[in-house]
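Enquirer: just a sequence and a predicted model for now, questions to come.
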Amino acid sequence: MMFQQTWLGLLEKSLNDAGYLIYSFQKKGLDTNRICEDLNDTYIYIKPELIILQIGIVDCSPRALKESEVKFLQKIPIIRNITHKIVKRYYRNISSFRNLCYVELEQFQKNLEALKNSFKSSKWCVLPIGLPCDGYLKKSPLIADRIFQYNKVIQNIFQNSLVNNILQFDKKELNTIYLDDFYHLNEYGHKLYFNKLQDHLENENIINS
Amino acid sequence: MRILSILNSIAFANAQVEFKNTWYYQVGSHFLKNGNTINNISDKNMRFEYLEERAKSQYRLFDADIILVHLFARDESAEKLLKYLEAFQKNMREKDKIYFLPTQIKKLNEKILSDVKSNCFFHLQKFETLINSYGIGNSQVDHNLIAEYIKAVV
């Protein structure tokens, strides 16, 4: 899939056409802790008129290993490979038993509040964590509750800035928008996300149709 | 035209002028006003050595016509930097037009400029005073000069 086919690529094109210059911060595995780490030496200088924040599952996803354990294991090649195989095979059971996440709910709330308070004069547009499909629910029994809890925090903090219609997929539709890994959007999913986001931006008079 | 700009965001914090007056903002606005699509990717931890891998996993997906790269040198030698730049170019498409902006180390720039096969390394170091310890651009005049230079060349 090319960048232009993703919701962000489609949105950037649309916002560029509306005269917006976009600065995007995209990184594999980016969570709200990392965003806050970069807040004071990167983001605040931009003074953006509009901030589009997409929160994925990195913060809340049930993990089999702590971040520190992953970092430690990465240094020992043989053990790393064995652990990787075990975790891959028994992810469902280990993650349910250990009940870990990279950013705890309380910290997640603090991070979002810090972010919001740093840009008081900017307009916000926040995409909540996408709802899980059947495949993901089967693979990760805790995910539905986690997403619900974290989205509740996002909703409380960002209220009207939340792109709520992202959460309005029926069960059947949810099973058609993700790739085989069950959590990254496929081309169709990206298009639907973009349409919903575009509707939100127009309805809130953020950009003109 | 689609333009991809890869910038180390340390420059934001150390710019001597307001963000909206920096050369990178001026250049972005210029491209935008002329009907182009511009993708600005900024990362505080971005290094030359990551370019090769990210070219494959990220940058190629933008299908950009022009790519502007402004990063900081760490403790790499000029030879190492050259290797990174060449590996990056190999992983991009032949038709991609890539422009590397000078690093904050003048000696490295001179070496790269004399050895690099691509003619896309900007000759900005002729404005010696424009280079500071965090990249390029000190005063507002400097930022304007750089912006005008890039607009004219690209």
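Expert: Now that the structure is in, tell me what you want to look at. Residues are numbered from 1 along each chain as shown, chains lettered A, B, ... in the order given.
Enquirer: just the C-alpha atoms of the helix ranked longest in chain A, please, in CSV.
Expert: In chain A, assigned by DSSP state H, the helix with the most residues is helix A:77-98. The C-alpha coordinates for helix A:77-98 follow below in CSV (Å, rounded to 0.1, in the frame of the first residue of the first chain):
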residue,chain,number,x,y,z
PRO,A,77,20.3,-13.5,20.4
ILE,A,78,19.6,-17.2,21.2
ILE,A,79,17.3,-16.5,24.1
ARG,A,80,15.6,-13.7,22.1
ASN,A,81,14.7,-16.1,19.3
ILE,A,82,13.4,-18.8,21.7
THR,A,83,11.4,-16.3,23.7
HIS,A,84,10.0,-14.8,20.5
LYS,A,85,8.7,-18.2,19.4
ILE,A,86,7.2,-19.0,22.8
VAL,A,87,5.5,-15.6,23.0
LYS,A,88,4.2,-15.9,19.4
ARG,A,89,2.7,-19.3,20.2
TYR,A,90,1.3,-18.6,23.6
TYR,A,91,0.6,-14.9,23.3
ARG,A,92,-3.1,-15.3,24.2
ASN,A,93,-2.4,-17.1,27.5
ILE,A,94,0.7,-15.2,28.5
SER,A,95,-0.7,-11.7,27.8
SER,A,96,-4.0,-12.6,29.7
PHE,A,97,-2.1,-13.9,32.6
ARG,A,98,0.5,-11.1,32.9
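Enquirer: show the subsequent helix or strand relative to it.
Expert: As assigned by DSSP states H and E, the chain's next helix or strand after helix A:77-98 is helix A:105-118.
Enquirer: so is that following helix next to chain B?
Expert: No: Helix A:105-118 does not reach chain B (C-beta under 8 Å from any C-beta of the partner chain); its nearest approach is 14.0 Å. C-beta here means a position set from N, CA and C on the backbone, and glycine is covered the same way.
Enquirer: how far off centre is the longest helix of chain A?
Expert: Centre-to-centre, helix A:77-98 and its host chain are 23 Å apart (C-alpha atoms, centre = their mean, to the nearest Å).
Enquirer: now it: mean pLDDT?
Expert: Rounded to a whole number, the mean pLDDT of helix A:77-98 is 93.
Enquirer: for stretch A:51-60, same thing?
Expert: Mean pLDDT, computed over stretch A:51-60, is 95.
Enquirer: just confirm yes or no for that stretch near chain B.
Expert: No: legend: contact between stretch A:51-60 and chain B by C-beta under 8 Å from any C-beta is lacking; minimum distance shown is 13.6 Å.
Enquirer: chain neighbours aside, what residue packs nearest to B:Ala64?
Expert: Excluding the flanking residues, the one nearest B:Ala64 by C-beta to C-beta, 6 or more residues apart in numbering or on different chains is B:Leu4, at 3.7 Å.
Enquirer: you'd agree that neighbour is in a helix?
Expert: No: using DSSP: H, G, I helix; E, B strand; the rest coil, the assignment for B:Leu4 is strand, not a helix.
Enquirer: please report how far A:Glu69 lies from A:Arg63.
Expert: 9 Å (C-beta to C-beta, to the nearest Å).
Enquirer: could you do B:Ala15 as well?
Expert: B:Ala15 sits at a distance of 38 Å from A:Arg63 (criterion: C-beta to C-beta).
Enquirer: quick one, helices of the chain?
Expert: Defaulting to chain A. A:7-17, A:32-38, A:44-46, A:67-74, A:77-98, A:105-118, A:134-139, A:143-158, A:171-174, A:187-203.
Enquirer: the chain in question should be chain B.
Expert: Assigned by DSSP H, the helices in chain B fall at B:10-14, B:23-33, B:51-57, B:78-91, B:106-115, B:140-153.
Enquirer: one step back: ok, the residue nearest to B:Ala64 touching B:His70?
Expert: No: checked against C-beta atoms under 8 Å, the pair B:Leu4 and B:His70 is beyond contact range at 12.0 Å.
Enquirer: can you tell me what sits against the longest helix of chain A?
Expert: Contact with helix A:77-98 is made by A:Pro62, A:Arg63, A:Ala64, A:Leu65, A:Leu73, A:Gln74, A:Lys138, A:Lys139, A:Ser140, A:Pro141, A:Leu142, as judged by C-beta atoms under 8 Å, 6 or more residues apart in numbering or on different chains.
Enquirer: how about the residues you listed, which pair is most distant?
Expert: The largest separation in these, counting by C-beta to C-beta, is between A:Gln74 and A:Lys138 at 28.3 Å.
Enquirer: confidence score at the residue of chain B positioned farthest from its centre?
Expert: Going by C-alpha atoms, centre = their mean, the residue of chain B most distant from its centre is B:Gly35, 21.3 Å out. On pLDDT, B:Gly35 comes in at 90.
Enquirer: could you find the closest non-adjacent residue to the most centrally placed residue in chain A?
Expert: Nearest to the geometric centre of chain A sits A:Gly56, at 1.4 Å (C-alpha atoms, centre = their mean). Of all residues not flanking A:Gly56 in the chain, A:Ile129 sits nearest, at 6.5 Å (C-beta to C-beta, 6+ apart).
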